[in-house]
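**Student:** Sharing a model prediction with you, sequence too.
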Amino acid sequence: MPPPPSNPAGEDDSKTSYTEKLRKKSSNLASRIIDHVNMGPKLSETVKGKLSLGARIIQGGGRGNIFKKIFVMREGEELLKASQCYLSTTADPIAGLFFISTEKIAFCSERSINVTSPNGQLIGTAPYKVLIPIMKIKKANRSENVNNPAQKYIEIETWDGFEFWFMGFLRYEKAFNNLQKALSLVQIVEEEGFILS
């Protein structure tokens, strides 16, 4: 029996390769979504929070408008990326939006948290917010869970010794690359001798 005809153009190989890449990419995204959802305290609370956040984003006119309302943008400031993620705290991770602009890194929780007085009495509720001016960032590091390398973190350390850990990004690489871009813009400005206030 003669051998099957060869495929000089390699069409079948390229289709198989492309299909395999799509399969890996979709399973990688699916695993990131599962990790993101599993970081929440309860599945029902996490889903409820995501739906509430989605509604707020739509009502607010998009993530950029939410950033402008919550953190106030200066003239010339540009929002580079907004991502859903978690902020690590001593109690539990807090789900919210992580913003990267040309001037600051910011986080706002998707749900309000209880605010109590020193004696434990409930005062009210408020969103959990973090604002870090880019100029105050000493370094930003990539990190991953040793036991589960798919769980990736961004550690931000400030010049005054504070550390912030963000995790559960759906698009970790994109968020980290935009953070690096923002930090490099500040470095360029410093090298040129401009002063940012």
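**Tutor:** The structure has been received and is ready for your questions. Just so we're clear, the structure is a prediction, and the values are computed from it rather than from any experiment.
**Student:** Am I right that Lys68 sits in a strand?
**Tutor:** No. If the criterion is DSSP: H, G, I helix; E, B strand; the rest coil, then Lys68 is helix and not within a strand.
**Student:** Could I get the full set of helices for the protein?
**Tutor:** Under the criterion DSSP state H, the chain carries helices at the ranges 11-38, 43-60, 63-71, 172-192.
**Student:** quick one: low-confidence parts of the chain?
**Tutor:** For the chain, applying pLDDT under 70 flags the ranges 1-63, 187-197.
**Student:** at 80 what do you get?
**Tutor:** Low-confidence regions of the chain, defined here as pLDDT under 80, cover residues 1-66, 150, 170, 186-197.
**Student:** Quick check: the gap between Ala91 and Asn114.
**Tutor:** When Cβ to Cβ, to the nearest Å is the yardstick, Ala91 and Asn114 sit 11 Å from each other. For glycine as for every other residue, the C-beta is placed from the backbone atoms N, C-alpha and C.
**Student:** With Glu173 instead?
**Tutor:** Glu173 is 35 Å from Asn114, by Cβ to Cβ.
**Student:** ditto for Gly168
**Tutor:** Gly168 sits at a distance of 22 Å from Asn114 (criterion: Cβ to Cβ).
**Student:** Compare these two (neighbour count), which wins?
**Tutor:** Between Gly168 and Asn114, counted using other Cβ atoms under 10 Å, the more crowded position is Gly168 (25 against 9).
**Student:** which ones are touching Ile154?
**Tutor:** Applying Cβ atoms under 8 Å, 6 or more residues apart in numbering, we find Ile154 in contact with 140-143, 165-167, 169, 172, 175-176, 179.
**Student:** Could you give the bridge partners of it?
**Tutor:** As for beta bridges, Ile154 partners with Arg142, Phe166 under DSSP bridges.
**Student:** again with the one 4 residues further on
**Tutor:** Listed by DSSP bridges, the beta-bridge partners for Thr158 are Ile137.
**Student:** my guess is it meets Lys136, correct?
**Tutor:** Yes. When contacts are counted by Cβ atoms under 8 Å, Thr158 is listed as touching Lys136 (4.9 Å).
**Student:** Next up, the contacts around Leu183.
**Tutor:** Residues near Leu183 by Cβ under 8 Å, 6+ apart: 134, 137, 140.
**Student:** Could you export the residues you listed as JSON lines, including neighbour count and distance to Ala95?
**Tutor:** JSON lines is the format used below for the contacts of Leu183 (neighbours: other Cβ atoms under 10 Å; distance: Cβ to Cβ, whole Å):
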{"residue": "Ile134", "neighbour count": "19", "distance to Ala95": "24"}
{"residue": "Ile137", "neighbour count": "19", "distance to Ala95": "23"}
{"residue": "Ala140", "neighbour count": "17", "distance to Ala95": "21"}
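**Student:** export those to JSON lines and tack on distance to Lys81?
**Tutor:** Formatted as JSON lines, those follow (distance: Cβ to Cβ, whole Å):
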{"residue": "Ile134", "distance to Lys81": "13"}
{"residue": "Ile137", "distance to Lys81": "15"}
{"residue": "Ala140", "distance to Lys81": "13"}
